[in-house]
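[1] coords please:
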Amino acid sequence: MNKIRFGIQKVVFALAVTAFLTSSKPTGKVFTAAYFPGEQIRYRVHYGFFNAGEAYMRLTDKYYLVNNKVCFRAEIIGNSTGAFDKMIRIRDVWGSYFDTVSFQPQKSFRSIQENKYRKREETYYDYNANRARVIAENDTPEVVNVVPAIQDMVSGYYFLRLQNYNHLRKNDTLKLFGIFEDKTYNFNIIYLGKTRIKTKFGKSNTFVISPIMPENKLFKGAHPIRMWISDDQNRIPLKIEAELLLGSVELDITDYANLKYPIRFE
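    Here you go, the predicted structure:
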């Protein structure tokens, strides 16, 4: 069972890797938020033909003051469902306070419940010293060196929605700076261009991005993880897919509320 839990954590981490998006060259990003407090988006998680869980992404309906900066509070909540819930019971909450000007995370937190495994963790950022202090329950606090462009696994999801993908050309590569637990990561993300996909609400034009993964024994294919982002002002991830050696994991949008801009499906 531990092997199964570890495998799922690797999949979740790899899916979230796409959210650590920032570039070493200008990407045409515009620092005008594509969202405001109160936004809610839901996804269904599939493993092959089976419904494996649900993901709920939300911005709380007010701002917070952290590090003397006005911040959004964002949460991503993941639960297993159905037969998977009997096999691997997951009740995870990931959160971030990120400021409304630079969109840097000022504080991150997570509460992990996967079967009998439990973990509670908070991360505090000090950009004057370019350090983050990671405090996990029952563990010794860790100090991690970070770069100003760092994103955590939640703030990064919202940061990528600021990108102006129309300024990118197919196969452009972006550099990624992320923090997970007490380590930082550098990845590259490739922009795969535009495509049209079908969703529960109808068809939509999208931008497609994919992290370039190092050699591993979990994923297969040249672009094993892909994210389809709506080609509108909201920049909502409508679908995420990971091709595994054994099957595939997909996240598909099932509901949304309080979007900043109108969204159209055909």
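
[2] Tell me the buried residues in stretch 37-57?
    37, 39, 41-47, 52-57 (16 or more other Cβ atoms under 10 Å). (Glycine included, C-beta is placed from N, CA and C.)

[3] from the residues you listed, which two are the most distant?
    Distances among those were taken as Cβ to Cβ; the most separated pair is 37 and 47, at 32.7 Å.

[4] one step back: return the subset of the buried residues of stretch 37-57 lying in strands.
    Using DSSP state E, the subset of those located in strands is 41-47, 52-57.

[5] pLDDT averaged over stretch 56-75, what's the number?
    What stretch 56-75 shows for mean pLDDT is 95.

[6] List the contacts of it.
    35-43, 76-79, 93-101, 106-107, 125, 154-155, 157-158 (Cβ atoms under 8 Å, 6 or more residues apart in numbering).

[7] now swap in stretch 191-208 and tell me
    So stretch 191-208 is contacted by 165, 168-174, 209-210, 223, 226-232, 238-239, 252-254, 264-266 (Cβ under 8 Å, 6+ apart).

[8] same check, this time on stretch 120-130
    In contact with stretch 120-130 (Cβ under 8 Å, 6+ apart) are residues 67, 104-112, 131-137, 145-148, 150, 152, 179, 181.

[9] Can you say which of these are buried?
    Buried among those (16+ other Cβ under 10 Å): 104-112, 132, 134, 136, 146, 150, 152, 179.

[10] how about the strands in the stretch 1-150 of the chain?
    40-47, 50-59, 64-66, 69-80, 91-99, 105-114, 117-126, 131-136, 142-145 (DSSP state E, counting those that start in this stretch).

[11] okay, these in CSV with distance to residue 203 next?
    Listed next are these as CSV, based on distance: least, Cβ to Cβ, whole Å:
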stretch, distance to residue 203
strand 40-47, 18
strand 50-59, 22
strand 64-66, 37
strand 69-80, 26
strand 91-99, 30
strand 105-114, 34
strand 117-126, 39
strand 131-136, 41
strand 142-145, 43
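
[12] Of all those, which one is nearest residue 259?
    Within these, the stretch nearest residue 259 is strand 40-47; the backing value is 8.4 Å (Cβ to Cβ).

[13] now for that closest one, which elements pack on it?
    On a contact count with 3 or more Cβ pairs under 8 Å, 6 or more residues apart in numbering; DSSP states H and E, strand 40-47 meets strand 50-59, strand 248-257.

[14] Partner strands of that strand and their direction?
    strand 50-59 (antiparallel), strand 248-257 (antiparallel) (DSSP bridges).

[15] so how far is the first one from its chain's centroid?
    With Cα atoms, centre = their mean, to the nearest Å as the basis, the distance from the averaged C-alpha position of strand 50-59 to the chain average is 12 Å.

[16] now swap in the last one and tell me
    How far strand 248-257 lies from its chain's middle: 13 Å, per Cα atoms, centre = their mean.

[17] Give me the contact list for it.
    Residues contacting strand 248-257 (Cβ under 8 Å, 6+ apart): 11, 15, 38-48, 52, 54-55, 199-201, 236-242, 263.

[18] Spatially nearest residue to residue 44 (excluding sequence neighbours)?
    The spatially closest residue to residue 44, leaving aside those adjacent along the chain, is residue 254, at 5.0 Å (Cβ to Cβ, 6 or more residues apart in numbering).

[19] so what pLDDT did the one you found get?
    97.

[20] Against residue 65, how distant is it?
    33 Å (Cβ to Cβ, to the nearest Å).

[21] So which of the two has more stuff around it?
    residue 254 (15 against 11; other Cβ atoms under 10 Å).

[22] that older thread, just the ones of the contacts of stretch 191-208 in strands?
    173-174, 209-210, 226-230, 238-239, 252-254.
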